[in-house]
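# next input, structure requested:
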Amino acid sequence: MYMLSIFFLSIMVSYCACSPREERFWPLNNITDDVNLGQSSPFGPRLMNSEGSRYDFHRGVDIPTPLFTVVYAIDDGTVRIPGPTHSGFSDGVVQLLHTGWDDDGDPNMKYYSTYIHLNDSFLREKDVGDFISKGTPIGTTYQTNNNFPHLHFEIRAGTLFAGHACNPWKYLPCGHCNPFQANVTISIEQIVESNNCSATVQILVPPNQLTFAAVQLEVSGGMSKFNRTIDICETNIFYTNYPSYDTTRLDDNTVVPNLVINPHFFNSRSFGKNEWLGVSYTFLNVPAVDGARLAEIKATIFDVFGEKVISDPLFYDSSCSQVESPTTSGEESTTSQSVMITTGSPTTSGEESTTSQPVSAGGKMNGAMCIQGIMLLTIISLYFCN
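Got it, this is the predicted structure:
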């Protein structure tokens, strides 16, 4: 009976192996919120400040910090790269492997937290596979070759490859992130070389809510329905991944078919000035309208937690020109300021997205539930053993 007790206890402990997102630590201050720390470069499309503002797809977040700031493990895990040096990285690095239930309820999920531009590692004497508890100091920050002190932090989901990096905000505590805020503007024009239109979705998000994850464009009416979703994480996986690892060309529509991505300038000073982060997505294959009919177009912006902002609808005619709403007489239709905040998930088919709750730690037990479960199993074991 003792062996049976140990068996059930081990199941409970392994089930509780990873902390819920809201109980993990922020990597720079050993607490469970980021306290509005600024970012010089968010995850996803950016203009790379250190190289003449050229286009780049950024696979992590850059957090400005004084030199030699202590870095902490965000969750329980094991050492994969003890650091500070590794052949696969040009700067100091530490990498930890985290396994167990993830925030979406997947019991087999694993992810790698990666801490780059380190001056030193406190794990240099550790072996690969050694256990590291959440909140353990793992090193200190340094600077890049352009003398910019910051921590580059990545989450690589499922695999070791940088091409599978996803927005770290999905894995980090963010008490101020809800409700999701964004301003969304749509414009449309005709493509001269074809019968189609191009639609540009301009997105602005506050500097302390850099959790934008996907944009969905939907057209109804006219000749046919159109529905396309661009997920930033999936864009990284499918278009900047092995073997090319080319992160410099996503603003070129030959890379992602019929799409041009143009980020706005943003850096750590933008955060201090409360300047919003901007990026525009231009869809080049929006269907034209047949004859005198009108088409309705709208955009939905999703964050990493499943919340969304839906734009006002825009109507256009056969010349791809914006027109008044057919339901409004004598009034100018607006070009979609965001008017609705709700929750849901992006859809990739022509179906309407369904409402759901934001993704959180609901797929697994929190720390209190784990402790209660272990105590209950212990009582049951002692009862049967007496």
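# ok, how many other residues are close to residue 195?
The number of residues packed near residue 195 is 12, by other CB atoms under 10 Å. C-betas here are computed from N, CA, C, even on glycine.
# the closest residue in space to it that isn't next to it in sequence: neighbour count?
Spatial nearest neighbour of residue 195, excluding adjacent residues (CB to CB, 6 or more residues apart in numbering): residue 288 at 4.8 Å. Here the number of neighbours of residue 288 (other CB under 10 Å) works out to 19.
# what does the pLDDT read for residue 288?
We have a pLDDT of 82 for residue 288.
# I'd assumed residue 199 was in contact with it.
No - Residue 288 lies out of contact with residue 199 (CB atoms under 8 Å); the separation is 11.6 Å.
# ok, back up a step: ok, the residue nearest to residue 195 to residue 149 distance?
51 Å (CB to CB, to the nearest Å).
# please apply the same query to residue 239.
Distance from residue 239 to residue 149, counting by CB to CB: 31 Å.
# kindly report the same for residue 255.
Distance, residue 255 to residue 149, using CB to CB: 32 Å.
# how about residue 192?
Computed as CB to CB, the residue 192 to residue 149 distance reads 48 Å.
# give me the more crowded residue out of the two.
Taking other CB under 10 Å, residue 192 and residue 149 do not tie; residue 149 has more neighbours (16 against 5).
# mind listing the residues bridging to that one?
With DSSP bridges as the criterion, residue 149 is bridged to residue 143.
# longest strand in the chain, by number of residues?
strand 110-121 (DSSP state E).
# tell me where this structure has helices.
In the chain, the segments counted as helices under DSSP state H are 2-15, 232-239, 268-272, 367-385.
# tell me the average confidence for the last one?
For helix 367-385, mean pLDDT rounds to 47.
# what do you get for stretch 87-102?
Mean per-residue pLDDT for stretch 87-102: 85.
# list the buried residues for it?
89, 91-102 (16 or more other CB atoms under 10 Å).
# again with stretch 42-61
For stretch 42-61, burial by neighbour count (16+ other CB under 10 Å) applies to 42-49, 55-61.
# between the residues you listed, which sits nearest residue 117?
Checking those against residue 117 with CB to CB, the nearest one is residue 60 at 10.3 Å.
# that closest one: what's it in contact with?
Taking CB atoms under 8 Å, 6 or more residues apart in numbering, we find residue 60 in contact with 43, 114, 116, 152-155, 165, 168.
# ignoring the adjacent residues along the chain, who's closest to it?
Nearest to residue 60 is residue 154, by CB to CB, 6+ apart, at 3.7 Å.
# which outside residues touch stretch 167-177?
21-27, 32-34, 36, 43-44, 60-61, 74, 103, 111, 113, 153-155, 208-211, 213, 232-233, 303-305, 359.
# just the ones of these in strands?
44, 61, 111, 113, 153-155, 213, 303.
# who does residue 77 form a beta bridge with?
Beta-bridge partners for residue 77, by DSSP bridges, are residue 132.
# nearest to residue 293, of the buried residues of stretch 42-61?
The shortest approach to residue 293 among the buried residues of stretch 42-61 belongs to residue 45, at 34.4 Å (CB to CB).
# does the closest one touch residue 59 like I think?
No - Residue 45 is not in contact with residue 59 according to CB under 8 Å; the separation is 11.3 Å.
# count of neighbours near the closest residue to residue 182 other than its chain neighbours?
Once flanking residues are discounted, residue 182 sits nearest to residue 309: 4.4 Å by CB to CB, 6+ apart. By other CB under 10 Å, the residues close to residue 309 number 23.
# can you check the pLDDT for the residue nearest to residue 60?
Reading off the model, residue 154 has pLDDT 93.
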